[in-house]
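1. quick check, what structure comes out for this input:
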Amino acid sequence: MSGGGAVSLSVRCRGWRWGKGWGRRSQAGPEALALSQGLLLWLLLSVAGVWASRGPLRPLCRPINATLAAENEACPVCITFTTSICAGYCPSMVRVLPAALPPVPQPVCTYRELSFASIRLPGCPPGVDPTVSFPVALSCHCGPCRLSSSDCGGPRAQPLACDRPLLPGLLFL
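-> Take a look at the predicted model:
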């Protein structure tokens, strides 16, 4: 080779470094291996975090429109109406060792702010109050269940239904 320049070649193959000192084992210790595994784990988790943050699998707690039914035993008909209620997913946790620690209160999707509206049931006999009041969700949040203003049960197999003949429509006061 002319020009007098030296050429250096270094190749790694399965932990062996070939080049100067041919056949010598690389000095990479367990710290380097742990570091590379940690970086790989960080990369995998960060990619999974980006994928998971694209949106919840279930809609979070929020007001939604729902059709409900109202009736009074003394009135001959049932009426359906649409209002906003609180519904959706609230993050929760369950202890791994439930016997060792007290249960964790589970948050439910419930009213933060609400107002009340009323409808009038038609055909009620004299002396019977035909007015039915119901809550209207203005905003919702995940919090403890308050039986005074919420139905804290799980999803229903059947929607709320009327026992009396159904009269669709809205008769707001």
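
2. C-alpha only now, for contacts and for neighbours.
-> Will do.

3. residue 79 belongs to a strand?
-> Yes. With DSSP: H, G, I helix; E, B strand; the rest coil as the criterion, residue 79 is located in a strand.

4. before we move on, what SS does residue 122 have?
-> Classification of residue 122 by three-state DSSP places it in coil.

5. quick check: it touching residue 74?
-> No. Checked against Cα atoms under 8 Å, the pair residue 122 and residue 74 is beyond contact range at 11.1 Å.

6. secondary structure element for residue 138?
-> strand 131-143 (DSSP states H and E).

7. contacts for that strand, please.
-> Strand 131-143 is contacted by residues 61-63, 70, 83-86, 90, 107-121 when judged by Cα atoms under 8 Å, 6 or more residues apart in numbering.

8. cool, stretch 83-93 as well?
-> Residues outside stretch 83-93 that contact it (Cα under 8 Å, 6+ apart): 58-68, 104, 106-111, 135-140, 142.

9. just the CA coordinates of that stretch, formatted as CSV?
-> The C-alpha trace of stretch 83-93 is given here as CSV (Å, rounded to 0.1, in the frame of the first residue of the first chain):
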residue,chain,number,x,y,z
THR,A,83,-82.5,14.5,30.4
SER,A,84,-78.8,14.6,31.0
ILE,A,85,-77.3,12.1,33.4
CYS,A,86,-73.8,11.3,34.6
ALA,A,87,-72.2,8.2,33.0
GLY,A,88,-68.8,6.9,32.1
TYR,A,89,-65.7,5.3,33.4
CYS,A,90,-63.9,6.3,36.7
PRO,A,91,-60.5,4.9,37.4
SER,A,92,-60.5,2.5,40.4
MET,A,93,-58.3,0.0,42.1
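
10. for the strand holding residue 138, which residues meet the burial criterion?
-> Within strand 131-143, the residues that qualify as buried are 131, 135-142, counting by 16 or more other Cα atoms under 10 Å.
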